[in-house]
Structures are given as C-alpha cells and as structure tokens.
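Q: No letters, just coordinates:
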C-alpha cells in the first residue's frame, strides 16, 4: 500500500503525463491544419490562374516549304505554289516564228512554224521543213516532195550564198517534177532570210553541180524565183 507521500507524487505526475499527451495532440492538429492550409493555398493559387482567362497565345511557328516566287508578307506562312507553270511561257519566249514551204499539189504553199530562237535559225527552219507537214496540214491536203528520212548535215551562209548539206536520201526516187519540187521547197524556205541571196546544195558533204539521175543542173546558186512556175501568185 502506497504511502500518502507516494500517492501525492503519483497524482502530481499524472497531470504532467496528460498534459504531454494533450500537447502532442495539439501539435499534430496544428501540423495537419498547416498542411491542409498549404494544400488549399496551392489549389487556390492554381485556380486563380485559370480563372484569370487564357494567357495570350503565340502565333504558331510556320514550317511551310520555301517558295521561289519571292518573299511572303511578314507574319504570313508561305503556301506551296499552286499557280500555273511558267514552263509554257518560257518555251514561247525561247522560240520565234518562221516559214517553211510545203506543197499543195504542184504548188508551193507557206506554212508557219515556231523554232528555237537561236543564231542558226536557218538550220532550225530547214529541220522543221524536213519534218514534213503536221497531221492537220496533211488533212488539209498539204504535202512534201522531200523523202522521209532526209537529214541536215549543215548549213553555211557565206557572201549571201547559203550552202545546205543534206543526206543522200534527198535525191532518192525519180521523176523530174518531184526532184524539182523538193529543190524548190528547200530553196524558198532559205530564200526568205535577208542574209540569203542564193542557195547551193551539197549531199553528204559534197557540193553538187548536177542533181540526181534526172540531170538537173545546179552549178550556180538558185533562188525562189528560179522555181516561179511552182510558186503561188502573191
């Protein structure tokens, strides 16, 4: 049995233990309150940014392909070019109009052609002549006396005389009329140029004075007027 003094001491210590426990509880509540307040504060802070409205948006960065059509206005994306191609325009600018002579029966007829715009326009014009009539021209009754497969070896203009070098196939076939008409086609096609005053013929690089087995004499330059019987009246 405890003595009165021991009981008094125990009673005296008991309140101290209860006080400690109460203090611990208060501290825990305080920490919980502080933690909860911190979390609420964070949430409120986050909510206040959203409630203020969306922040100013930045313009999206454009990654559109570069264009060769010139710089776009500042701040605008450059769309891929979908306009018409300039190829056709460039091709027209790089060519020029010329004339070849086709046949309507036994008569020479002018036909327009576009050829590359180069210094050697005479050669380009002869090449166009050797290609013959277009399907539309053929449908209209135009033709040529120049044998298919005839090629141009060269064209030299010196002192006003144009010497045209053609392949041997140019004299293939027969008949004086056919031979005369093919000579007239080439001669009149070249005689249109101001730099040409007469035309001579070479075959495979050899200057000729007699053409084909028909014995047509070509020992001097000829002009379009040399074939006046086959030219249309002006």
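A: Yep, that arrived. Note that the structure is a prediction, hence the values are computed from the model and not measured.

Q: so what's residue 125 scoring on pLDDT?
A: The per-residue pLDDT reported for residue 125 equals 97.

Q: mind checking how far it is from residue 137?
A: Per CB to CB, to the nearest Å, residue 125 is found 16 Å from residue 137. C-beta here means a position set from N, CA and C on the backbone, and glycine is covered the same way.

Q: Name all residues that make contact with the residue lying closest to residue 117 once chain neighbours are set aside.
A: Once flanking residues are discounted, residue 117 sits nearest to residue 96: 4.4 Å by CB to CB, 6 or more residues apart in numbering. Applying CB atoms under 8 Å, 6 or more residues apart in numbering, we find residue 96 in contact with 114, 115, 116, 117, 121.

Q: In terms of neighbours, single out the busier of residue 125 and residue 137.
A: For residue 125 versus residue 137, neighbours defined as other CB atoms under 10 Å are more numerous around residue 125 (21 against 16).

Q: State the helix or strand in which the more buried one lies.
A: helix 121-130 (DSSP states H and E).

Q: where exactly do the strands run in the protein?
A: For the chain, the strands defined by DSSP state E occupy 95-104, 107-116, 152-158, 161-166, 198-203, 206-207, 210-211, 216-217.

Q: Give me the sheet partners of the third one and which way each runs.
A: The partner list of strand 152-158 in its sheet, established with DSSP bridges, is strand 161-166 (antiparallel).

Q: Taking strand 198-203 as reference, get the angle to the strand it pairs with.
A: 30 degrees (axes from the mean of the first three to the mean of the last three CA atoms, to 10 degrees).

Q: For strand 161-166, buried residues please.
A: Neighbour-count burial for strand 161-166, counted by 16 or more other CB atoms under 10 Å, picks out 162, 163, 164, 165, 166.

Q: The protein: helices as residue ranges?
A: Counting by DSSP state H, the segments of the chain that form helices are 4-51, 87-93, 121-130, 135-139, 176-191.

Q: Now the weakest link among the ones you listed, please, by mean pLDDT.
A: helix 4-51 (a mean of 42).

Q: pLDDT value on residue 232, please?
A: Predicted confidence (pLDDT) for residue 232: 72.

Q: Can you list the neighbours in contact with the helix holding residue 125?
A: With CB under 8 Å, 6+ apart, helix 121-130 has contacts from 96, 98-101, 113, 115-116, 118, 144, 146, 150-152, 154-155, 157, 162, 164, 185-186, 189-190, 193, 195-196.
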